[in-house]
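1. no letters, just coordinates:
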């Protein structure tokens, strides 16, 4: 696992492997554990923890309704359908897990940084989901070192903001002729 908490990720992966190879150990409580592990793995995007964990599941686990819902949420995130993602997570208690919303916003900021140089403020707010107030939005802008300019936010790299300057050099033709002469 390449996520933030590598030891926990590996331990979680091992739990899933244990359930995979010992289906007799599966109880309601272990299914709840699988859901928690999947949700934690989803919080590590853009790392591939979720894919690794998902690959360890038995068909029974995959067919479980909440597992399907977590899969749907993962698909919405991975396909950048962020407004729909925010609607769907309201429906399940598991997505109220501490840090889940922050992790989703970190991933969305990552995608925005890769996709845009400038983005409309209103559109960025939609992507980042429901917030208490504008100051929460401004905190996210500041945390990412983005520049808020009126109705838009510059999310590119600062180096890209440097204005290009056209340089015109005037060289006498006598200087250029020997260089260009074909021999």
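-> Noted; the coordinates are in hand. This one's a predicted model, so the numbers in the text were calculated from it and none came from an experiment.
2. hey, which helix or strand in the protein has the poorest pLDDT?
-> helix 6-21 (a mean of 63; mean pLDDT, DSSP states H and E).
3. so, low pLDDT: which residues of this protein?
-> Along the chain, the model assigns pLDDT under 70 to residues 1-30, 158-167, 169, 171, 176, 179, 181-183.
4. so which residues of it form strands?
-> 118-120, 147-149, 152-154 (DSSP state E).
5. so what's the residue nearest in space to the middle of the chain up against?
-> The residue lying closest to the centre of the chain (Cα atoms, centre = their mean) is residue 107, at 2.0 Å. Contact analysis of residue 107 by Cβ atoms under 8 Å, 6 or more residues apart in numbering lists 45-46, 77. For every residue, glycine as well, the C-beta is placed using N, CA and C.
6. and it, how far from residue 113?
-> Separation of residue 107 from residue 113 (Cβ to Cβ, to the nearest Å) stands at 11 Å.
7. residue 66 now?
-> Using Cβ to Cβ, residue 66 is found at 31 Å from residue 113.
8. and residue 103, by the same measure?
-> Separation of residue 103 from residue 113 (Cβ to Cβ): 16 Å.
9. cool, residue 67 as well?
-> Relative to residue 113, and taking Cβ to Cβ, residue 67 is found at 31 Å.
10. my read: residue 97 touches residue 36, true?
-> Yes: using Cβ atoms under 8 Å, residue 97 is in contact with residue 36, at 7.5 Å.
11. re the thing from before, of the strands of the chain, flag the one that's most buried.
-> strand 152-154 (a mean of 19; mean count of other Cβ atoms under 10 Å).
12. tell me how many other residues crowd residue 75.
-> Per other Cβ atoms under 10 Å, the neighbour tally for residue 75 reads 13.
13. and what of residue 73?
-> Residues near residue 73, counting by other Cβ under 10 Å: 23.
14. from residue 41, how far out is it?
-> Residue 73 is 12 Å from residue 41, by Cβ to Cβ.
15. find residues that contact each of these two.
-> Common neighbours of residue 73 and residue 41 (Cβ under 8 Å, 6+ apart) do not exist.
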